[in-house]
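Student: Here is a sequence together with a model predicted from it:
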Amino acid sequence: MAAIQNPTHAMTWAGISLTADPRIQVLADVDFGAPAPVEEAFPTGLFDGDFVTHTRDGNREIKLRLEVSSTNGVEIAALGESLAAQLYKPTTLVWTPPQGNAPTGVYDVLTSSMVQKFDDVDELHTRRIFELRLVCAPYVRSVDLVTIPALAVGGGSQTVIADGTSATGWTSTTGTVTAGSGFLSTPMLRSYMPVYGAPFGFLSYTTTVTRTMASTNFSTTPYVSVDFPLSVTPSGGTSMPANAEVFAYINGNFGAGYQAVATFPIVTNPGWQRAVFNIPGATSVTSLSIGFNLSYARVPNISGTVTLTFDNVMRSPVVPYSGSNREGIYSLAISGSMRTPGSLTVQSVVGGAGTGNARIVYTCPDLGNGYNPALRPYRTSGGSTSNNQATFSGAYDTWLAAGSEVFTIPAASLPVGGHGIMLALSDSAAAGTPMSFNVTRTIKTFVGATQVGPTDTAVMPVTIGTGARGYIQSNAYTLLSVGGVTLPSNLLGDRSTGTVQITFTQSSGSSLRFDDGFAFFRASNVDPTKRGALTMAVGTLRSYLWLDSPDISNIGRKQVWTGDDPNRGDAFHAGPLTLTWGNHEFAPKTFVFVADVGGGQSGNDPITQTSFTYYPHWHSNAAS
C-alpha cells in the first residue's frame with residue numbers, strides 16, 4: 001500500500017509528522033471512523049415499529065497504517081519505539097486535507113494502542129508496518145479557539161433609518177415596499193427545487209429590500225438592526241407547511257454578506273425578533289440592502305404566497321437591547337455543525353467586585369419561537385407596581401395575602417415539555433425570622449377567550465427567612481422553586497392562537513414583594529437533545545461568572561467559577577454560592593438568558609455582558 005502522495009496535505013500525531021518525514025509515512029488506507037450514535041427506541045401505539053431518537057454520540061476510532069523505514073536496524077527500532085512512547089495518553093491527530101486551501105482539523109485523542117504487522121520481506125528491507133488505533137472524542141474541531149465577544153449592549157442613542165410610517169427610498173427585488181399598520185411590507189419570491197426521484201423538494205421564499213440615502217457616516221454607529229417576524233406562514237394554496245424561521249443578512253455599497261452578530265426575540269413585541277449587524281469602518285453609506293430568506297425542507301411542490309413585514313431599521317453605537325436592563329436575552333451564533341463544549345462568561349458591567357447579590361444564567365437550544373423564561377413581560381394583573389433597581393425585572397408588585405399575580409403567555413412561545421417554575425421575591429422577610437406558607441400555582445389553557453382542557457392546580461409549601469432551606473437567598477432576596485410542570489398543560493393542535501395563563505397566590509398573611517416569575521424549559525417530551533440548564537448564584541458575587549460546559553477533557557472538574565480577573569487568575573469554584581440543574585450545552589444556535597439584580601444599579605444600560613469561548617466542532621471535516 002502506497003503512502004499518501006500529495007505535497008499539500010499534512011498529518012501529525014502527538015507532534016510526530018506522519019507525512020513530512022520519509023522515514024515515518026501514513027499509508028493511504030486511512031480510516032477516520034465516525035461518531036458512534038447512541039439511540040433510544042420508544043414503542044409506538046402500534047405493535048410494530050419504534051420511535052427512535054438520537055440522544056448523543058460516542059467516541060470515534062481512527063485507524064492508521066504507518067510505514068517505518070530506515071537504512072539500519074538500530075534506527076528503525078528507535079523510530080518504532082518513538083511511536084510507542086506516545087501510546088495510552090491524551091494526544092491530538094492533526095489533519096490538513098490536500099485541497100490546498102482546506103481547513104485543518106484536530107481530533108482529540110483520548111487513548112491509543114498499536115500493533116506491529118510482522119513481515120519477513122519487510123524486515124529484509126528495513127521496513128516495518130504498524131497499525132495505530134486512536135480512540136478519539138466524537139467530533140473533529142477547528143485549530144483556533146474562538147471567542148464570541150461580549151458585545152456592548154443597550155444605552156447610547158439610536159438613529160432611525162426607517163420605520164413603518166413611510167416607504168420612501170425603499171425598493172424590493174420582488175415587488176413594491178409599502179407602509180401600513182405600523183410596519184413596512186413586501187412580497188417574497190417563491191422557488192422550488194425538486195429532489196430527483198422523490199415526491200418532495202426544497203421550498204424557499206426570498207427577497208432583498210434596499211434603502212437609498214444620502215452619503216452617511218456609520219463609523220460611530222456601526223450596529224445596524226432590523227425588526228421582523230420570528231416566522232412566516234405562506235397563505236393560499238393547499239397543505240401549507242408549518243411556520244418557517246426567517247433569516248436575514250445585510251450588504252450595501254460598503255460590502256456584502258454581513259451575517260447577524262446577534263439575534264433575539266423582542267420582549268415588548270411577542271412574535272418578532274431583532275437582527276443586529278456590525279459594519280465597521282463604513283464612512284460613506286449610500287445604500288443599505290437587507291436580504292430575507294425562509295425555507296422548508298422535504299415538502300411537496302405546493303403553492304402559496306408570502307408577504308414579509310419589517311420595521312425599525314436603526315443604526316447605533318452599540319447593540320440595541322431587547323428586554324429590561326437586568327433581564328437580557330441573547331442568541332449565540334456558534335460556528336460548527338455539532339454541539340460544542342466551551343466556556344460562557346457573564347461579566348458584571350456595573351463596576352467592581354461584589355456589585356451584585358443575585359444572578360441567573362439559563363441556556364437551551366434556540367428554538368426560534370420567541371421563548372422568554374421571564375414572566376413579567378406577560379403580566380396581565382396583580383398588585384400595585386413599584387419601580388425598584390434592586391430587582392431582576394426593575395420593579396416589584398405588592399403581592400397581597402389575598403391577591404393574585406397573573407401572567408398570560410402565547411402558547412407558541414413556550415417550548416413543549418417540562419418547565420421549572422421559579423419565583424423571585426424581594427422582601428425584608430427573606431432576612432428575617434423564617435416564614436412558612438403556601439404558594440398556589442394555577443395553570444389554564446385558552447384558545448381565544450375559551451378555556452380548553454382542565455385546570456392544573458398545585459399547592460406548594462414554602463419557607464423563607466434566615467436559615468430556611470429549599471431555596472437560595474442573599475440579604476433581602478429570595479429565589480424560590482414552586483415545582484415543575486409540563487407546558488402547555490393542555491396540548492393544542494394549533495398553538496398559534498392559544499395562550500397559557502399562570503396564576504400565583506400566597507397564604508403568608510402578609511404582603512410580599514413579587515419581583516418576577518420564571519418558567520425555565522427543562523426538557524422536551526419527545527426530543528432528548530432539546531433541554532435547558534440553569535445556574536443561580538447569590539451572595540457577594542465577583543465581576544465574572546464562568547460556566548464551563550461538561551467535556552471529556554474536564555471530567556470531574558467543577559463547572560461554575562467566579563472571580564475578578566478576566567483571565568481567571570483569581571477564579572475559584574462558586575459552589576457554595578450556586579444552585580444548578582442540567583449541564584450547559586452549546587449547539588450551533590444557543591439561547592442565553594441572563595438576569596442580575598446588579599446591586600441597585602440605576603439607568604437603562606444592561607448590567608451584564610456575555611461571551612462564549614470554544615473550538616468549533618464538526619462531524620467529519622473542519623470547515624473553518
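Tutor: Done, it's in.
Student: can you pull out the helices in the stretch 201-350 of the chain?
Tutor: With helices called from DSSP state H, counting those that start in this stretch, the stretch 201-350 of the chain shows none.
Student: wait, what's in contact with V447?
Tutor: The contact partners of V447, by Cβ atoms under 8 Å, 6 or more residues apart in numbering, come to 492, 497-499. No exception for glycine: its C-beta is placed from N, CA and C like everyone else's.
Student: and V361, bridged to which residues?
Tutor: T535, V594 (DSSP bridges).
Student: Correct me if wrong: it contacts F591.
Tutor: No. Counting by Cβ atoms under 8 Å, V361 stays clear of F591, with 11.7 Å between them.
Student: Next one: I502 from T486, what distance?
Tutor: Using Cβ to Cβ, to the nearest Å, I502 is found at 13 Å from T486.
Student: Neighbour count for the two, which is higher?
Tutor: Taking other Cβ atoms under 10 Å, I502 and T486 do not tie; I502 has more neighbours (23 against 15).
Student: Apart from its chain neighbours, what residue comes closest to that one?
Tutor: In this structure, I502 finds its nearest non-sequential neighbour in F407, 4.9 Å apart by Cβ to Cβ, 6 or more residues apart in numbering.
Student: gap between the strand or helix carrying G453 and the chain center?
Tutor: Here G453 sits within strand 450-464, counting by DSSP states H and E. Offset of strand 450-464 from its chain centre (Cα atoms, centre = their mean, to the nearest Å): 30 Å.
Student: name the helices or strands packed onto that strand?
Tutor: Secondary-structure packing of strand 450-464 (3 or more Cβ pairs under 8 Å, 6 or more residues apart in numbering; DSSP states H and E): strand 435-447, strand 471-474, strand 477-487.
Student: Switch those strands over to TSV; also include distance to E39 and mean pLDDT.
Tutor: Formatted as TSV, these follow (distance: least, Cβ to Cβ, whole Å; pLDDT from 0 to 100):
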stretch	distance to E39	mean pLDDT
strand 435-447	33	87
strand 471-474	37	50
strand 477-487	24	82
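Student: Of all those strands, which one comes closest to A78?
Tutor: Each of the helices and strands packed on strand 450-464 has some distance to A78 by Cβ to Cβ; the shortest is strand 471-474, at 60.1 Å.
Student: follow-up on the earlier one: what residues sit buried inside the strand holding G453?
Tutor: The neighbour-count check on strand 450-464 (16 or more other Cβ atoms under 10 Å) flags 456, 460, 462, 464 as buried.
Student: Just give the closest residue to the last one, not the sequence neighbours.
Tutor: Among residues not flanking I464 along the chain, T478 sits closest, at 5.1 Å (Cβ to Cβ, 6+ apart).
Student: what's the neighbour count on the one you found?
Tutor: When neighbours are defined as other Cβ under 10 Å, T478 has 26 of them.
Student: Is it bridged to anything, and to what?
Tutor: The partner residues for T478, given DSSP bridges, come to L425, Q473.
Student: who's the residue nearest to I502 bridged to?
Tutor: R379, I502.
Student: what number of residues lie near it?
Tutor: Neighbours of F407 using other Cβ under 10 Å come to 21.
Student: That one touches L375, doesn't it?
Tutor: Yes. Here F407 reaches L375: they are 4.4 Å apart, a contact under Cβ under 8 Å.
Student: Between these two, which contacts overlap?
Tutor: Common neighbours of F407 and L375 (Cβ under 8 Å, 6+ apart) are 502, 517.
Student: Can you find the helix or strand of this structure with the lowest average pLDDT?
Tutor: In the chain, no helix or strand scores lower on mean pLDDT, DSSP states H and E than strand 471-474, which sits at a mean of 50.
Student: Alpha carbons of stretch 522-541, as PDB, please.
Tutor: C-alpha atoms of stretch 522-541 as PDB (Å, rounded to 0.1, in the frame of the first residue of the first chain):
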ATOM      1  CA  ARG A 522     -36.100  21.800  31.200                       C
ATOM      2  CA  ALA A 523     -36.600  19.100  28.600                       C
ATOM      3  CA  SER A 524     -38.700  18.200  25.500                       C
ATOM      4  CA  ASN A 525     -41.100  15.400  25.900                       C
ATOM      5  CA  VAL A 526     -40.100  13.800  22.600                       C
ATOM      6  CA  ASP A 527     -36.600  15.100  21.700                       C
ATOM      7  CA  PRO A 528     -34.000  14.500  24.500                       C
ATOM      8  CA  THR A 529     -31.400  16.700  22.700                       C
ATOM      9  CA  LYS A 530     -33.600  19.700  23.500                       C
ATOM     10  CA  ARG A 531     -33.000  20.600  27.100                       C
ATOM     11  CA  GLY A 532     -32.200  23.500  29.200                       C
ATOM     12  CA  ALA A 533     -29.800  24.300  32.100                       C
ATOM     13  CA  LEU A 534     -30.000  26.800  34.900                       C
ATOM     14  CA  THR A 535     -27.400  28.300  37.200                       C
ATOM     15  CA  MET A 536     -28.500  30.600  40.000                       C
ATOM     16  CA  ALA A 537     -25.800  32.400  42.100                       C
ATOM     17  CA  VAL A 538     -26.400  34.600  45.100                       C
ATOM     18  CA  GLY A 539     -24.200  36.400  47.700                       C
ATOM     19  CA  THR A 540     -21.500  38.900  47.200                       C
ATOM     20  CA  LEU A 541     -20.700  38.000  43.600                       C
END
